[in-house]
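>>> Okay, structure incoming, though there's no sequence with it:
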């Protein structure tokens, strides 16, 4: 299929259609409102539906109700809206329902700002809502990857009957890049074949989709089932990319999303200056590529690990956990909507290696 | 055929053969039955999804014989919206108490009604939070004693009880909105007709429908079931008049 | 890296800077290049300056955030103040001299004064100023061919606005001529 130049937000909307999703619920919030503005006309073209809800609390719960139908359902929002959806995400996880949630992150806390940020890492990867559950978290670094991961997100949500979240900073949503969609669009799935969806108690016992287990033994049983899913995420769904990683690297940078691309440019420019730096980019933030970062970081040539984020330091805690104190883990970040530039990253690397520009 | 008796009363197919956990004198059981009879008579059971609330009736899915979804507190109308939009061919109803619908879920019910979502809401108003142990609800009567208003509801601080049927009837979007009660056989028969009509309108793909049912809570009111009925008639009914507040079949084109 | 080119289009909201950038991005993609178009967004869009950056490369593009772009096309004074100093040494600055009566004062870049509003008005519509600027930039740098640029303009504008299309095509020609003229003088 021909390449198309598309804004991230629009491409993500089209990707959902490509994945066979036809049911979308959303509430306007900058910087991702273009997804709804795109899908409000695009979905009806393919027989889909869009409901603009009264709040993100309602969005989350419409998604919950829609997911129980067994059809592919999704929503998109930005940080403050995602906070309001945590109620429903927790319930959906508890009730084993698949759904795809996109967070185009903006600066927080509170109303924060509308510029790019990666400050919802903890919220996304460390549960977000109440209770013993996890969601798969994917982080694209280009518009094309956002398309590919959005399609994957639906497959993973169905495979594990669990919410899947994709997170990108504001730039992923706002920038335009060339994208290619798969030649063949998926047909919407058939809920009747799911074996669990609410399709009416005709010729079978009635089905109940719920997250309430007043008997502690039963609740523990459900939570252990969720824990079992997490183990499967760890075993099957780890995704990452290494860039210019070699035994000449003195520093290993860890960064995800757009931040990783900025680091790539810094790494290219440092290479031209004779400084060898590698990049570890987690694509799945949960499950986290724990072994990969550990094994790369402990290599003899690595002097330090540098985590770069658009936050005051969130993923760095996972990096520290995985490196297990075997190498110094340093951090560089900007926050509030300020994006670290390649020059800033280079400056930090030089500082760590005690080099002068 | 001489000795064969005619069946004149049976458990509706839409209800399971189980014993409910409801307190003596509670009217949830009657209202469940009226919903179940309506589903049976309209032939809807096999394509119905109920949405259970948070509150005393959270476990209603154990008593009904149709598919069920359990909502977070107050969000049943949002879940029903999501489900019904995905499956407009199915019948969807929410069953909610006054804390659930009129307090934490006020936003969801108003917007679902205003969008004209084609599902049915059974709103059980017993003027108190039942499951959490008798706290003040938005529908608690002035001066009524609850565990959070031990001296009685003070309207200067908590305002007056919210009249949901009247409030929703102000919306321009066509809907069926009514208030009924089930404290005597005549009211039960009337309530049945109204609940059945609500489901019929949904079956005909007409409009959103909400039936408010005045209900008793002897346990949390601290009264006998018989006294509760008297209190409902004397205190609640004058403030919450019964009737049909909005009817698409009576609206001018 | 070495083959990468970056340009910032900056002006008031409504001057068509976003469109100019997008058209360049479409054209470069059509010619087989990797492209990124990134806008300023949010409150900046209202009343203040709007800008977008286009990155064009033969290979995978790293950072969409450019510290020091190779070129900038500035449509108003605040944009000159903001981006004039950011251009890389040896870079190119196109200044809309219809609205800006000063220059950057730098002697380490190539500066071109292009009265794009005046030319657009002569071409038939003041709104085509962005196309005059784009054409001047393309003619100066050769980043894409005019043939593809014109084809993409037709595709993106469609046949609905035939009249506007003609004006824009005329704006292209004027911008192209202007670039040649300015360069010969320079």
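In hand now; what should we look at? Remember, predicted model here, so these are calculated numbers, not experimental data.
>>> what's the longest helix seen in chain B packed up against?
If you go by DSSP state H, chain B has its longest helix at helix B:185-203. For helix B:185-203, the elements it packs on are helix B:28-41, strand B:91-97, strand B:120-125, strand B:175-181, strand B:208-214, judged by 3 or more CB pairs under 8 Å, 6 or more residues apart in numbering or on different chains; DSSP states H and E. In short, each C-beta sits where N, CA and C put it, glycine included.
>>> domain ranges for chain A?
The record's domain parsing of chain A by automatic domain parsing lists A:4-202+A:210-236, A:240-352.
>>> Return the most buried member of those domains.
Counting by mean count of other CB atoms under 10 Å in any protein chain shown, domain A:4-202+A:210-236 has the highest mean neighbour count of those, with a mean of 22.
>>> Endpoint to endpoint, that domain covers what distance?
32 Å (CA to CA, to the nearest Å).
>>> Now do the same for that domain: mean pLDDT, whole number.
In this model, domain A:4-202+A:210-236 has a mean pLDDT of 97.
>>> what do you get for stretch C:82-102?
Stretch C:82-102 comes out at a mean pLDDT of 95.
>>> What sits closest to residue 131 if chain neighbours are left out?
Just going to use chain A. Ranked by CB to CB, 6 or more residues apart in numbering or on different chains and with sequence neighbours excluded, the top spatial neighbour of residue A:131 is residue A:90, at 5.2 Å.
>>> my question was about chain C
Among residues not flanking residue C:131 along the chain, residue C:171 sits closest, at 4.0 Å (CB to CB, 6+ apart).
>>> What's the per-residue pLDDT of the one you found here?
As predicted, residue C:171 sits at a pLDDT of 89.
>>> Mind telling me what element the most centrally placed residue in chain A is part of?
Central residue of chain A (CA atoms, centre = their mean): residue A:166, 2.7 Å from the mean position. Using DSSP states H and E, residue A:166 maps to strand A:163-169.
>>> Parallel or antiparallel, which strands does that strand pair with?
Sheet pairing for strand A:163-169, assigned by DSSP bridges, gives strand A:99-105 (parallel), strand A:136-138 (parallel).
>>> Give me the packing partners of the helix or strand just after that strand, helices and strands only.
The helix or strand immediately downstream of strand A:163-169 is helix A:170-174, counting by DSSP H and E. Counting contacts by 3+ CB pairs under 8 Å, 6+ apart, helix A:170-174 packs against helix A:8-18, strand A:99-105, helix A:257-272, strand C:34-39.
>>> Distance to residue B:57 added to those, as TSV?
Listed next are the helices and strands packed on helix A:170-174 as TSV, based on distance: least, CB to CB, whole Å:
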stretch	distance to residue B:57
helix A:8-18	36
strand A:99-105	26
helix A:257-272	45
strand C:34-39	51
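>>> show me what contacts residue A:221?
By CB atoms under 8 Å, 6 or more residues apart in numbering or on different chains, the contact set of residue A:221 is residue A:213.
>>> nope, residue A:85 is what I was after
By CB under 8 Å, 6+ apart, the neighbours of residue A:85 are A:56, A:57, A:59, A:60, A:63, A:75, A:77, A:101.
>>> Show me which of those residues is closest to residue B:149.
Of all these, the one with the least separation from residue B:149 (CB to CB) is residue A:57, at 27.1 Å.
>>> ranges for the helices of the stretch 51-200 of chain B?
Along the stretch 51-200 of chain B, counting by DSSP state H, counting those that start in this stretch, helices occupy B:76-86, B:98, B:106-115, B:155-158, B:164-169, B:185-203.
>>> can you list contacts of the longest one?
This means helix B:185-203. Helix B:185-203 is contacted by residues B:30-31, B:34-35, B:37-39, B:41-42, B:44, B:91-93, B:118-120, B:122, B:176, B:178, B:180-182, B:207, B:209-211, B:213, B:242, B:244, B:248 when judged by CB under 8 Å, 6+ apart.
>>> same question, the second one
When contacts are defined by CB under 8 Å, 6+ apart, helix B:98 is touched by residues B:123, B:124, B:125, B:126, B:127, B:128, B:129, B:137, B:138, B:139, B:164.
>>> can you rerun that using 6 Å?
Helix B:98 is contacted from outside by B:125, B:137, B:139, using CB atoms under 6 Å, 6 or more residues apart in numbering or on different chains.
>>> nearest to chain A, of those?
The closest of these to chain A turns out to be residue B:137 (CB to the nearest CB; 20.1 Å).
>>> hmm, back to that, can you name the helix or strand that the residue nearest to residue C:131 falls in?
Remark: residue C:171 resides in helix C:162-185, with elements defined by DSSP H and E.
>>> what comes up buried for that helix?
Within helix C:162-185, the residues scored as buried using 16 or more other CB atoms under 10 Å in any protein chain shown are C:164-165, C:167-172, C:174-176, C:178-179, C:182.
>>> show me what contacts the closest residue to residue A:242 other than its chain neighbours?
Leaving aside its chain neighbours, residue A:242 sits nearest to residue A:280 (6.0 Å; criterion: CB to CB, 6+ apart). Listed by CB under 6 Å, 6+ apart, the contact set of residue A:280 reads A:252, A:254, A:293, A:296.
>>> any idea how far residue A:280 lies from chain B?
Counting by CB to the nearest CB, to the nearest Å, the separation of residue A:280 from chain B is 38 Å.
>>> Torsion angles phi and psi at that residue?
Torsion angles at residue A:280 (phi, psi; degrees, to the nearest 10) stand at phi -110, psi 120.
>>> what does residue B:17 give?
Dihedral angles of residue B:17 (phi, psi; degrees, to the nearest 10) stand at phi -90, psi 80.
>>> Identify the residue spatially nearest to it, adjacent ones excluded.
residue B:11 (6.5 Å).
>>> Now that the residue nearest to residue C:131 has come up, it's in contact with residue C:126, right?
No: assessed by CB atoms under 6 Å, residue C:171 is found out of contact with residue C:126, at 10.3 Å.
>>> what is in contact with these two at once?
Counting by CB under 6 Å, 6+ apart, the residues touching both residue C:171 and residue C:126 are residue C:120.
>>> wait, isn't residue A:116 in contact with residue A:172?
No: Residue A:116 lies out of contact with residue A:172 (CB under 6 Å); the separation is 8.2 Å.
>>> got the contact list for residue 16?
You didn't say which chain, so I picked chain A. A:74, A:150.
>>> think we crossed wires, I meant chain C
Shown in contact with residue C:16 (CB under 6 Å, 6+ apart): residue C:130.
>>> ok, 8 Å please
Taking CB under 8 Å, 6+ apart, we find residue C:16 in contact with C:127, C:129, C:130, C:131.
>>> between the helices and strands packed on helix B:185-203, which one is nearest to chain C?
Each of the helices and strands packed on helix B:185-203 was scored for nearness to chain C using CB to the nearest CB, and the closest is strand B:208-214 (37.3 Å).
>>> Columns secondary structure on top of the contacts of residue A:85, output as a markdown table?
Shown next, in a markdown table, are those (DSSP: H, G, I helix; E, B strand; the rest coil):
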| residue | secondary structure |
| --- | --- |
| A:56 | helix |
| A:57 | helix |
| A:59 | helix |
| A:60 | helix |
| A:63 | helix |
| A:75 | strand |
| A:77 | strand |
| A:101 | strand |
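>>> Which of these lies at the shortest distance from chain C?
residue A:77 (16.2 Å).
>>> which residues does the closest one contact?
If you count contacts by CB under 8 Å, 6+ apart, then residue A:77 has A:26, A:27, A:29, A:32, A:56, A:59, A:85, A:101, A:102, A:103, A:104 around it.
>>> could you measure the second one against chain C, distance?
Applying CB to the nearest CB, one obtains 18 Å for the distance of residue A:27 from chain C.
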